[in-house]
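Below are the sequence and a predicted model for it; my questions follow.
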Amino acid sequence: VREGHGQPGIGVHQVRHDLEGEYPLQKAKGGSRRLAHVSILSEKGLLVYILTGMTRIAVFNQKGGVGKTTTALNLAAAMSRREQPVLLVDLDPQAHLSAVHGEALGAVVDSIFAFYQEGRPLADLEVDWKGIGRLVPAHAELIKVDSVFGKGPNILNRLNQGLNDLGTDRDERSVVIDCCPFLGVLSLNAVFAADRLLVPISSDFLALRGALQVERTLQALEPVLKRRVERRYLLTRFDRRRNMCFEIQKRLSSQFGEEVCETVISENVAIAEAPACNRDIFSHAASSRGAQDYAALADELASKGFV
């Protein structure tokens, strides 16, 4: 069986009964290896295979202060709690996600900058993150990527190739990429590598304008990507006491329809406190509204095949 598009899916074929089981798929050019979980549905030998593997989600917005790092961290933690192995990739020169880890900030040669500068494999840069999975940390030197490497096709596809090269034993992990808050080589690397984009939007009118800018940017990139990247818009810092939040939710739904997440992330003290304690929301305050919201988000995205 060969899967050519690198996307999970379902296929149906007429085969012998004795083929039931689990099979590795051949690696398509530029894609990642998948597994086919096979079962027989009828005595006529109708076989269904479900393709699974590495799902790559970029948490992306050109506007800062909307909760990208918080969402990348807590979505990964929620996925881990669902027994989905996760690799976090910090692509932000501010390295906030790496700082939350507590021990990942170190020498530039041990950061993802070394992947770009020296060609170090991503697998060599991973550090363990208890309760979440693994992290490829960032470094402030990432700010130089645009000026040093330019914007040619090789650099724009660098992260995609690096993730493809991780190895077959890591194919079952999902990848969550924390993007920087501007459109440059690093963010484009994430978009080019991602299967899907999650766009956090804080519940204010300026952020709503930012969402429209993100959509225009993605539409402009689609001819280059030769595909439409599936995306979801997520409202963060949602305060149910403010009518404005519901107005923004209404406008967002009117603009983007089913691409808007039903789950919203509430304004919550525990969400703000957790990073200062080097924790995700679940290890910091498992019964908080913030933990409930991010668990609901993971459930929603999983039920719709997004993660």
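All right, it came through fine. Numbering: from 1, shown residues only.

what pLDDT, on average, does whichever strand or helix holds residue 302 get?
If you go by DSSP states H and E, residue 302 is part of helix 289-303. Average pLDDT, helix 289-303: 97.

for stretch 248-268, same thing?
Rounded mean pLDDT across stretch 248-268 is 96.

Point out the other helices and strands that the helix holding residue 302 packs with.
Applying 3 or more Cβ pairs under 8 Å, 6 or more residues apart in numbering; DSSP states H and E, one finds that helix 289-303 contacts helix 68-81, helix 269-273, helix 281-284. For the C-beta atoms, the positions are set from N, CA and C on the backbone; glycine is no exception.

let's go with 7 Å and repeat that
helix 68-81, helix 281-284 (3 or more Cβ pairs under 7 Å, 6 or more residues apart in numbering; DSSP states H and E).

quick one, that helix and helix 68-81 angle?
70 degrees (axes from the mean of the first three to the mean of the last three Cα atoms, to 10 degrees).

for residue 260, what are its contacts?
Taking Cβ atoms under 7 Å, 6 or more residues apart in numbering, we find residue 260 in contact with 233, 252-253.

and it, backbone torsions?
Torsion angles at residue 260 (phi, psi; degrees, to the nearest 10) stand at phi -90, psi 130.

Look up which residues are beta-bridged to it.
residue 233 (DSSP bridges).

that older thread, pick the most buried one from the helices and strands packed on helix 289-303.
Ranked by mean neighbour count, those are led by helix 68-81 with a mean of 25 (mean count of other Cβ atoms under 10 Å).

still on that earlier bit, ok, and for the helix holding residue 302, which residues are buried?
By neighbour count on 16 or more other Cβ atoms under 10 Å, the buried set for helix 289-303 is 289-291, 293-298, 300-301.

Off-centre distance for it?
Distance of helix 289-303 from the chain centroid (Cα atoms, centre = their mean, to the nearest Å) equals 15 Å.

pLDDT weak spots in the stretch 101-250 of the chain?
167-171 (pLDDT under 70).

same thing but 80
Applying pLDDT under 80 to the stretch 101-250 of the chain flags residues 150-151, 167-172.

Just to check, residue 201 is in contact with residue 66?
Yes. With contact defined as Cβ atoms under 7 Å, residue 201 counts as touching residue 66 (5.8 Å).

okay, and the common contacts of those two?
Listed as contacting both residue 201 and residue 66 by Cβ under 7 Å, 6+ apart are 207, 236.

circling back: can you redo the helices and strands packed on helix 289-303 as TSV with distance to residue 240 and mean pLDDT?
Below are the helices and strands packed on helix 289-303 laid out as TSV (distance: least, Cβ to Cβ, whole Å; pLDDT from 0 to 100):
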stretch	distance to residue 240	mean pLDDT
helix 68-81	19	97
helix 281-284	18	97
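
for the ones you listed, which one sits closest to residue 267?
helix 68-81 (11.8 Å; Cβ to Cβ).

could you say what helices and strands the closest one packs with?
Using 3+ Cβ pairs under 7 Å, 6+ apart, helix 68-81 is in contact with strand 56-59, strand 86-90, helix 96-101, strand 174-178, strand 196-202, helix 281-284, helix 289-303.

Repeat the analysis, applying 6 Å as the threshold.
Secondary-structure packing of helix 68-81 (3 or more Cβ pairs under 6 Å, 6 or more residues apart in numbering; DSSP states H and E): strand 56-59, strand 86-90, strand 174-178, helix 289-303.

To residue 264, which of these lies closest?
Short answer: helix 289-303, nearest of the helices and strands packed on helix 68-81 by Cβ to Cβ, at 7.0 Å.

residues in contact with the closest one?
For helix 289-303, the surrounding residues in contact (Cβ atoms under 6 Å, 6 or more residues apart in numbering) are 74, 78-79, 262-263, 265-266, 268, 270-271, 281-282, 307.

picking up where we left off before, nearest to residue 123, out of the helices and strands packed on helix 289-303?
With Cβ to Cβ as the yardstick, what comes closest out of those is helix 68-81 (18.0 Å).

Bridge partners for the most centrally placed residue in the chain, pull those for me.
Central residue of the chain (Cα atoms, centre = their mean): residue 57, 2.1 Å from the mean position. Using DSSP bridges, the bridge partners assigned to residue 57 are residue 176, residue 196.
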